[in-house]
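Colleague: here you go, sequence then predicted model.
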Amino acid sequence: MWKQSLPLLLTCGVGGILTGGLLGSMTDLFESIPGLIVVVPAIIALRGNISTAFGSRLGSAYHLGVIDANNLFNKELKENIIGSLILSFVVSGIVGLLAYASTILFFDVNPDLLKLFLIVVLAGVLSSLMLTMLTVSIIYVVFRQGLDPDNITGPALATFGDIVTMLCLFGSAFLLEVVW
């Protein structure tokens, strides 16, 4: 187990440092878009939880014999993908609204509701699409290598989820800041 997990956990540590560096590079956006900093922990937790739950469901389906490396793209996988994408969209919208309310309540700042909401939903949907493809790819490779998906998918998706989500949040905020 440690042979499978240790290299991945070391990679996760490096990924966490990269994510922190990306967060540090967003200071100008945090200053220009009130409420954006409030979104960061929630959207990272959202993507990490949904992606790792999705990966765990696929790992369980593998252990139960519902899917395997030769029968990966079946009805079970498609239903899980659709559920993950819908959940990401809905919860991203809720996170955007809660970030707006929290910013007003705790910081006495009135951010642009539509702008903040769109940034969070766009970042959530984009990261969801990317992480869904990444999850399926990781599961496929893990199955092909004969490894236990439970040892690989959780840490990999948590780390890659943080990096991808921060990139999507940064990109969405930058895009809407330029367009808005």
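Modeller: In hand now; what should we look at?
Colleague: what about the most centrally placed residue in the chain, which helix or strand?
Modeller: Per CA atoms, centre = their mean, the C-alpha nearest to the average position across the chain is that of residue 47, at 2.8 Å. In the assignment (DSSP states H and E), residue 47 maps to helix 36-63.
Colleague: residue 62: how many residues sit nearby?
Modeller: Neighbours of residue 62 under the rule other CB atoms under 10 Å: 19. All C-beta spots, glycine's among them, are computed from the backbone N, C-alpha and C.
Colleague: let me fix that: residue 10
Modeller: Number of residues near residue 10 (other CB under 10 Å) recorded here: 10.
Colleague: which residue, other than its chain neighbours, is closest to residue 84?
Modeller: Of all residues not flanking residue 84 in the chain, residue 54 sits nearest, at 4.7 Å (CB to CB, 6 or more residues apart in numbering).
Colleague: would you agree residue 166 is in contact with residue 16?
Modeller: No: Residue 166 lies out of contact with residue 16 (CB atoms under 8 Å); the separation is 10.7 Å.
Colleague: so for those two, which residue has more residues nearby?
Modeller: Shown here are residue 166 and residue 16; by other CB under 10 Å, residue 166 has more neighbours (24 against 14).
Colleague: is the closest residue to the more buried one other than its chain neighbours in a helix, a strand, or coil?
Modeller: Excluding its sequence neighbours, the residue lying closest to residue 166 (CB to CB, 6+ apart) is residue 22, at 4.7 Å. Put simply, residue 22 is helix when judged by DSSP: H, G, I helix; E, B strand; the rest coil.
Colleague: OK, contacts around residue 22?
Modeller: Counting by CB atoms under 8 Å, 6 or more residues apart in numbering, residue 22 touches 163, 166-167, 170.
Colleague: make TSV from these and add distance to residue 7 to it.
Modeller: Output for the contacts of residue 22, formatted as TSV (distance: CB to CB, whole Å):
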residue	distance to residue 7
163	17
166	23
167	23
170	28
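Colleague: can you count the residues close to residue 132?
Modeller: Neighbour tally, residue 132, other CB under 10 Å: 19.
Colleague: no no, residue 20
Modeller: When neighbours are defined as other CB under 10 Å, residue 20 has 12 of them.
Colleague: do you know the pLDDT at it?
Modeller: With respect to pLDDT, residue 20 scores 87.
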